[in-house]
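> Quick check, what structure comes out for this input:
(2 chains)
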Amino acid sequence: DAGVIQSPRHEVTEMGQEVTLRCKPISGHDYLFWYRQTMMRGLELLIYFNNNVPIDDSGMPEDRFSAKMPNASFSTLKIQPSEPRDSAVYFCASSWDVGELFFGEGSRLTVL
Amino acid sequence: GDSVTQMEGPVTLSEEAFLTINCTYTATGYPSLFWYVQYPGEGLQLLLKATKADDKGSNKGFEATYRKETTSFHLEKGSVQVSDSAVYFCALRGSNSGYALNFGKGTSLLVTP
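From the prediction side, this is the model:
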């Protein structure tokens, strides 16, 4: 299996622009998680899905952030409009039931 | 709410030294505990886990014992190698908090030859 695939690996954008991060989970996994990693706050859970349905989005910072999972093999995390404080590494992870989380390599976002 | 506290890094050790990275947790019920490792430029990988009190997780020479009486899950390795240089994250999955993991802030380890 190819593992969890995220794109883009790196994104540099200007404040106010829309950013879309993409994730393809491991086939057969029924949970998908979005985490954000910064030096100051470490790894924060943003949202997670079970069978494509959002279960807990309490970690989403504000209305500028939205996440969707239209099918079992694809999810997006969108930031609109982006701000410099959104600069971070965004990780997607998937798991089967309550098993091990498998992480993608992350998307490094820089907002100027 | 559930949380994990790890020792601050960075930790710098010479090859073959003994490693301990402290981790304590706060949780209601009976959480499962994990150590994940992140190598430079990569995502996190599961290193080991323990799902109940007194369980010992082990992998690649690393060990951690789930101590309910001290709410701890310290990571140890008897002899570190340069290739162990990475960031180590302690995490818990609470029995009452759904399926997501709560991570500590991570401890950076640098092993020098």
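> switch to C-alpha atoms for all contacts and neighbour counts from now on
Will do.
> And the closest residue to residue B:61 other than its chain neighbours, how close does it get to residue B:106?
Excluding its sequence neighbours, the residue lying closest to residue B:61 (C-alpha to C-alpha, 6 or more residues apart in numbering or on different chains) is residue B:77, at 5.9 Å. Distance of residue B:77 to residue B:106, given as C-alpha to C-alpha, to the nearest Å: 17 Å.
> Looking at those two, which one has more neighbours?
Between residue B:77 and residue B:106, counting by other C-alpha atoms under 10 Å in any protein chain shown, residue B:106 is the more crowded of the two (27 against 20).
> unless I'm mixing things up, the more buried one is touching residue B:86, no?
No: in this structure, residue B:106 is not within contact of residue B:86 by C-alpha atoms under 8 Å, at 9.8 Å.
> I'd say residue B:92 and residue B:4 touch.
Yes: using C-alpha under 8 Å, residue B:92 makes contact with residue B:4 at a distance of 7.1 Å.
> quick one: common contacting residues for the two?
Here residue B:92 and residue B:4 have B:25, B:102-103 as joint contacts, going by C-alpha atoms under 8 Å, 6 or more residues apart in numbering or on different chains.
> from those, which are also near chain A?
Among those, the residues within reach of chain A (C-alpha under 8 Å from any C-alpha of the partner chain) are B:102-103.
> Going by neighbour count, which of the shared contacts of residue B:92 and residue B:4 comes out on top?
Compared across the shared contacts of residue B:92 and residue B:4, residue B:103 has the highest neighbour count, 24 neighbours, by other C-alpha under 10 Å.
> which among the shared contacts of residue B:92 and residue B:4 gets closest to chain A?
Distance to chain A across the shared contacts of residue B:92 and residue B:4 (C-alpha to the nearest C-alpha) is lowest for residue B:103, with 6.2 Å.
> What parts of chain A come near chain B?
A:33, A:41-45, A:48, A:91, A:98, A:100-106.
> Quick one: neighbours of residue A:17, just the number.
12.
> Confirm for me that it is in contact with residue A:84.
No: using C-alpha under 8 Å, residue A:17 is not in contact with residue A:84, being 10.7 Å away.
> the strands in chain A, which residues?
A:5-7, A:10-13, A:19-24, A:31-38, A:42-50, A:53-56, A:65-71, A:74-79, A:88-95, A:102-103, A:107-111 (DSSP state E).
> rewinding a little: which one of residue B:92 and residue B:4 is surrounded by more residues?
With other C-alpha under 10 Å as the criterion, residue B:92 and residue B:4 differ in neighbour count, and residue B:92 comes out ahead with 27 against 21.
> so what's that one up against?
Counting by C-alpha under 8 Å, 6+ apart, residue B:92 touches B:2-4, B:25, B:31-34, B:101-103.
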